[in-house]
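Undergrad: Need the 3D shape of this:
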Amino acid sequence: MIPDQWHPGSLLAVSGSYWHTCTLHTGVKLGIFTALGDNALTGSELAEKLGTDGDGTARLLNALTAMALLEKKDGYYRNTPTSRTSLSKDSDQYIGYMILHHHHLMESWNRLDEAVTTGRPIEEQLPISREDRRENFLMGMFNTASLTAPDLARAFDLSSRRHLLDLGGGPGTYAIYFCRENPQLKATVFDLPATRPFAEKTIARFDLAGRINFLPGDFTTETIPGRYDVVWLSHILHSEPPDVVISLIKKILDILEPGGILLVHDFILDDTLDGPLFPALFSLNMLVRTESGRSYSEKQITDMLMAGGFKTVTRHPFRGPTESGVMIGTR
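TA: Got it, this is the predicted structure:
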């Protein structure tokens, strides 16, 4: 968190805040909160259960207690209500996938100076399989999207719409919530083939397999099949350069029915590009992670949608907790 005023103490606090980050990441990565569940265990019992060093485990547990993520009484540790709900993998509100995704980003961010110097993304060498990283990313997207999707689904009147395309929709989170909010709506999730098992599992979990289907493909290189009266494009633009974005917008225009709408959801910078904070920092994340990705401003997004063929572009008043917003293009 950025302080209201900078001084030596606040500078050092921000500089050392990675201690908190690494402690949280380690707790999730080792499965501390999942192992505790609803139980109270000693440090020795947890160390034996997890196969970790006793002294190291005790230090971690005490630090997590100091961070108010665990409670300790008479040598026994237990989850707080928040950690039981959000950090135990047995909870349906588990956000650990996104936390582990953040953990996997740390190697790149630690070399931010290299990316700024070269203008190139960082090549990583992580001791984790591609499949595990894909799961953490996709289910992490589900974690975070689930925090805003209910509000977003209620923010738009789709009562007259019949078929929604969730383009690059990952596990289908937004398609799920739009369909739950609009009983007449059917949806298609279009994403890379490797995403399919995660999407179909998530869609089935919400009992919507009869209304939401998955189409495999790469929208940057392939034709998008079907016709739709609403297209949802969430957190896609920031991964691509303007020319690719405009090409994609043209493809979307071609598959929209007359009167159809494109809803673009992304982190949106001010037109001065120096705020809000999260989109500005996220643009650095795109620098270390992608060849040409970046955060875009409202004007930049408007210009790209109009260059792609949309005549009317407006911004919806919705503001997400990380300064995400929605731009609307009408055919």
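Undergrad: what's near enough to touch residue 119?
TA: If you count contacts by CB atoms under 8 Å, 6 or more residues apart in numbering, residue 119 has them with residue 287. Heads up, the C-betas are built off the backbone N, CA and C, glycines and all.
Undergrad: where are the low-confidence patches of the protein?
TA: Low-confidence segments of the chain (pLDDT under 70): 1, 124-130.
Undergrad: Mind splitting it into its structural domains?
TA: 8-90, 144-330 (automatic domain parsing).
Undergrad: Can you tell me the centre-most residue of this protein?
TA: Most central in the chain under CA atoms, centre = their mean is residue 141, positioned 3.7 Å from the mean C-alpha point.
Undergrad: What are the buried residues along the longest helix seen in the chain?
TA: The single longest helix within the chain, with elements called by DSSP state H, is helix 130-155. For helix 130-155, a neighbour-count test (16 or more other CB atoms under 10 Å) marks 135-146, 148-149, 152-153 as buried.
Undergrad: That helix - contacts with which helices or strands?
TA: The helices and strands touching helix 130-155, judged by 3 or more CB pairs under 8 Å, 6 or more residues apart in numbering; DSSP states H and E, are helix 96-109, helix 173-181, helix 196-205, strand 324-330.
Undergrad: I'd like the next helix or strand past it.
TA: For helix 130-155, the succeeding helix or strand toward the C-terminus, using DSSP states H and E, is strand 163-167.
Undergrad: hmm, who's touching that next one?
TA: Counting by CB under 8 Å, 6+ apart, residues outside strand 163-167 touching it are 158, 172, 174-175, 178-179, 185-190, 219, 224, 226-234, 236, 252, 255.
Undergrad: If any of those are buried, give me the PyMOL selection for them.
TA: A single PyMOL command is used to select the members of these judged buried by 16+ other CB under 10 Å:
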select buried, resi 158+172+174+175+178+179+185+186+187+188+189+190+219+224+228+229+230+231+232+233+234+236+252+255
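Undergrad: from the chain's centre, how far out does the helix or strand where residue 85 lies sit?
TA: Assessed by DSSP H and E, residue 85 sits inside helix 81-86. Between the centre of helix 81-86 and the centre of its chain there are 20 Å (CA atoms, centre = their mean, to the nearest Å).
Undergrad: May I have that helix as CSV, with CA atoms only?
TA: Provided in CSV are the C-alpha atoms of helix 81-86 (Å, rounded to 0.1, in the frame of the first residue of the first chain):
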residue,chain,number,x,y,z
PRO,A,81,-12.0,-17.1,9.6
THR,A,82,-10.4,-15.2,6.6
SER,A,83,-7.6,-17.7,6.1
ARG,A,84,-9.9,-20.6,6.4
THR,A,85,-12.2,-19.1,3.8
SER,A,86,-9.7,-17.7,1.4
